[in-house]
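Colleague: build me a model from this:
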Amino acid sequence: MADQGDEDLQMALQMSMQQSLPEPKRSKPRDGVAGVFSGSPEESAEYKSRRLQRELMAAAAEKRMLATKSDLPPTAKGGKSVITGQKEELPVEGVNFGLEVVNSGKELSLGEATQLFFMVFGGEVSKDILAQWSNQGIRFSRDPETTMGLVQHEGGPCGVLAAIQAFVLKYILFFRDELAQGVPITPQSWGARKLCQSQPVPSDNVSSFTEDAKARALVRSMGEILFLCGSNTRAVIATLSVVGNGIECSEGNEKDKIIAKALEGLSIESASDIHKILRVDTYTSQTSALQRLEAMIPVFQSRMGAILFLISALLSRGLDSVQADRDDPSLPLVTAPFGHASQEIVNLLLCGQAVPNLFDGRMDLGGGMFLKGISRNVEVGFLTLLESLNFCKVGQFLKCSKWPIWVVGSESHYTVLFALDTSVQDENELEERESQIRKAFDARDQSGGGCFISVEGFHQVLRETNIRLPSEKLDHLCNAGFIVWSEFWQVILDLDKNLGGLKDSSGLMGKKVFDLYHFNGIAKSDLNGSQLNSEGETPVQRPRLTKLRVSVPPRWTPEEFMANVPVSSVSGAKDSNGKDTEVAKPEPSQYAPLVDCIRTRWPRAVCSWLGDPPSIV
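Modeller: All right, here's what the predicted structure looks like:
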């Protein structure tokens, strides 16, 4: 059987080579379509079918050969496959860097490379899409106003960059003291919800972080995502065979020069390219993985960085597990025709599973069929314009993430929304109070829908909810022998908070007011006060950071509130000393599509900003 497998593999490989020599590889986009093995630029349907058949024959023969290899020495057994995560009998090869590593520098087999390429790009993919994904590094912006952000120059990999960006913000905003001091952040703290011990980041200083702090945040973010994909047991780090280990001994710009030279003319246009140039290291120690990532940061900053990180995440999850996560495994993860990252890619990086949907749990369609959604709480969340258009439903796991950071999806792009204060996720104080009072009232309501209770039950409600009504209001409510909710509600609205009511003497009337920041990493023209280049023609291309003022009224609308509160209580308010205070004026309302995304998280939100409107495209 092994001999037959050898013969099948040799025959398939010989057949696959019986075609015209490929064109020299280029790093820039080309027209046309790339297949698994790029040959003539004008491939007929029959030719493509034969090529695919040869490739599948090779993969099948290779699997048969691996299955029959039972004569390997014991020291070569027991490693874990980077594809399935299961034990397989493969020799450990490569150089040990003094780290706890399994299968260091392992190359993917041709069958594994084929499975990976087809999963990501499908059977037919344009040269432009391949070029987009082969020319995007993971680099911070050089613009002074957006130095905390990862910059994107081409469409396509924004889903990968936005997910990494969200985790980077988690570290630089809420673990900034540890980053600045170089204090190790243990893997256990990755999933811990705790407030940063230092003061919140000043709102006018949101982009002022040292290069070291940003680099540490990037390493920890990448490590957290990869172990999240690997069920917190392993991380696979993909690098390139053409980049030697000597870069670890180089410094500064010298590393960039070495890598740039090594990548000259290099591109990923087929499964055979992945097979030739990709090397993978599997780590079970989180500390060792972080050390390796730190050493390989120049590679991820290179133009191949985004695709390498995506491959690392897929292999950390295991290709078979990725396919099992999906509702339709036949579709490529990079979507046509523009090469955007699919929702499955974004979900993989945010929650560790490549599920295609955004709702909590899974949806039972009957007959044993299910649609898979988000199964657990997440560190950073997700909001989408598509929910406001009723195309999908985002569950509470993604809306109410542990940290106030969200990847924002539109029809064609991914950006990031974040806050500097975790209290933006707290429930409205007066809404919570209203719910508490209504729950106590309803517990005594035996009217069968009449919304009234007895005087005895009313006194129990007052004791339970710690409401202290003035004697004249109490007598007025109890005169009829029963208490109607609508009358009680009006009294509560006009009763000061320190007596247990809902009257807000600050003048906000229960409204939450806070700041959000929106970051769009794609470098586009800055229309507001833009600068010109040396020729005086084109505006500066740079990422954009927008600060939004958000006001969220309580569940009852301002009109309802005004109708239920006497004029004297809203035309002016009194402080603790009895002096009149000016009621806060309503915030000016502005609109952009991002506002619709924000309202999926905070219904009735009113937003305003200075300068250009925030863009989610």
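Colleague: any stretches of the stretch 151-300 of the chain with poor pLDDT?
Modeller: Along the stretch 151-300 of the chain, segments meeting pLDDT under 70 span 180-205, 244-253.
Colleague: can you check the stretch 401-550 of the chain too?
Modeller: Counting by pLDDT under 70, the low-confidence segments of the stretch 401-550 of the chain come to 449, 505-509, 524-541.
Colleague: where do the strands of it begin and end?
Modeller: Counting by DSSP state E, counting those that start in this stretch, the stretch 401-550 of the chain has strands at residues 405-409, 414-418, 452-454, 482-484, 512-525, 541-552.
Colleague: now swap in the stretch 201-350 of the chain and tell me
Modeller: 235-240, 278-283, 334-335, 340-341.
Colleague: kindly reformat these as JSON lines containing distance to G137 and mean neighbour count.
Modeller: C-beta here means a position set from N, CA and C on the backbone, and glycine is covered the same way. Listed next are the strands of the stretch 201-350 of the chain as JSON lines, based on distance: least, Cβ to Cβ, whole Å; neighbours: other Cβ atoms under 10 Å:
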{"stretch": "strand 235-240", "distance to G137": "13", "mean neighbour count": "26"}
{"stretch": "strand 278-283", "distance to G137": "17", "mean neighbour count": "22"}
{"stretch": "strand 334-335", "distance to G137": "18", "mean neighbour count": "22"}
{"stretch": "strand 340-341", "distance to G137": "16", "mean neighbour count": "24"}
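Colleague: so which of the strands of the stretch 401-550 of the chain comes closest to A131?
Modeller: Set against A131 and scored by Cβ to Cβ, the strands of the stretch 401-550 of the chain come closest in strand 512-525, at 16.3 Å.
Colleague: helices or strands next to that closest one in the packing?
Modeller: Judged by 3 or more Cβ pairs under 8 Å, 6 or more residues apart in numbering; DSSP states H and E, the packing partners of strand 512-525 are helix 158-174, strand 414-418, strand 541-552.
Colleague: run the angle between the first one and strand 405-409 for me.
Modeller: Taking axes from the mean of the first three to the mean of the last three Cα atoms, to 10 degrees, helix 158-174 and strand 405-409 form an angle of 160 degrees between their directions.
Colleague: sort out which residues of helix 158-174 are buried, please.
Modeller: Under the neighbour-count criterion of 16 or more other Cβ atoms under 10 Å, helix 158-174 has 158-174 buried.
Colleague: so which elements touch it?
Modeller: Using 3+ Cβ pairs under 8 Å, 6+ apart: helix 158-174 touches helix 211-229, helix 305-317, strand 340-341, helix 343-351, strand 405-409, strand 414-418, strand 512-525.
Colleague: same check, this time on the last one
Modeller: Strand 541-552 sits against strand 512-525, helix 593-601, strand 606-609, with contacts defined as 3+ Cβ pairs under 8 Å, 6+ apart.
Colleague: the ones you listed: which one's closest to S435?
Modeller: strand 512-525 (15.4 Å).
Colleague: distance of G305 from H153?
Modeller: Distance, G305 to H153, using Cβ to Cβ, to the nearest Å: 12 Å.
Colleague: more crowded one of those two?
Modeller: Higher neighbour count among G305 and H153: G305, with 24 against 15, using other Cβ atoms under 10 Å.
Colleague: can you tell me how far that one is from A131?
Modeller: Distance of G305 to A131, given as Cβ to Cβ: 14 Å.
Colleague: next: T233.
Modeller: Taken as Cβ to Cβ, the span from T233 to A131 is 35 Å.
Colleague: the two: who's more crowded?
Modeller: Comparing T233 with A131 by neighbour count (other Cβ under 10 Å), the higher total belongs to A131, at 23 against 11.
Colleague: quick check, the more buried one in a strand?
Modeller: No: counting by DSSP: H, G, I helix; E, B strand; the rest coil, A131 falls outside a strand, being helix.
Colleague: correct me, but it touches I268?
Modeller: No: using Cβ atoms under 8 Å, A131 is not in contact with I268; the gap is 9.7 Å.
Colleague: for the helices and strands packed on strand 512-525, which one sits closest to H275?
Modeller: helix 158-174 (22.2 Å).
Colleague: pull the CA atoms of the closest one into CSV?
Modeller: The C-alpha coordinates for helix 158-174 follow below in CSV (Å, rounded to 0.1, in the frame of the first residue of the first chain):
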residue,chain,number,x,y,z
CYS,A,158,-8.9,45.3,7.3
GLY,A,159,-10.7,42.6,9.3
VAL,A,160,-7.4,41.2,10.5
LEU,A,161,-6.0,44.6,11.3
ALA,A,162,-9.1,45.8,13.1
ALA,A,163,-9.2,42.7,15.3
ILE,A,164,-5.6,43.1,16.3
GLN,A,165,-6.2,46.9,16.7
ALA,A,166,-9.0,46.2,19.2
PHE,A,167,-6.7,44.0,21.4
VAL,A,168,-3.9,46.5,21.1
LEU,A,169,-6.2,49.2,22.5
LYS,A,170,-7.1,47.0,25.3
TYR,A,171,-3.5,46.8,26.5
ILE,A,172,-2.4,50.4,25.9
LEU,A,173,-5.6,51.9,27.5
PHE,A,174,-6.2,49.5,30.4
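Colleague: that older thread, out of the strands of the stretch 401-550 of the chain, which is closest to L495?
Modeller: Of all the strands of the stretch 401-550 of the chain, strand 482-484 comes closest under Cβ to Cβ, at 14.4 Å.
Colleague: so which residues make contact with stretch 322-340?
Modeller: With Cβ atoms under 8 Å, 6 or more residues apart in numbering as the test, stretch 322-340 has contacts from 118-122, 125-126, 128-129, 132-133, 155-156, 158-159, 314, 317, 341-342, 344-345, 348, 353-357, 371-372, 412-413.
Colleague: swap the cut-off to 7 Å and go again
Modeller: Residues from elsewhere that reach stretch 322-340 (Cβ atoms under 7 Å, 6 or more residues apart in numbering): 119-122, 129, 132-133, 155-156, 159, 314, 341-342, 344-345, 353-356, 371-372, 412.
Colleague: of all the strands of the stretch 401-550 of the chain, which one is nearest R438?
Modeller: Nearest of those (Cβ to Cβ): strand 452-454, 11.7 Å.
Colleague: direction included, what does that closest one pair against?
Modeller: Using DSSP bridges, strand 452-454 pairs in its sheet with strand 482-484 (antiparallel).
Colleague: who touches the partner strand?
Modeller: If you take Cβ under 7 Å, 6+ apart as the criterion, strand 482-484 is touched by C451, F452, I453, S454, V455, F458, L477.
Colleague: now a ChimeraX select for only the buried ones of those.
Modeller: Buried members of those, defined by 16+ other Cβ under 10 Å, are picked up in ChimeraX with:
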select :451,452,453,454,458,477
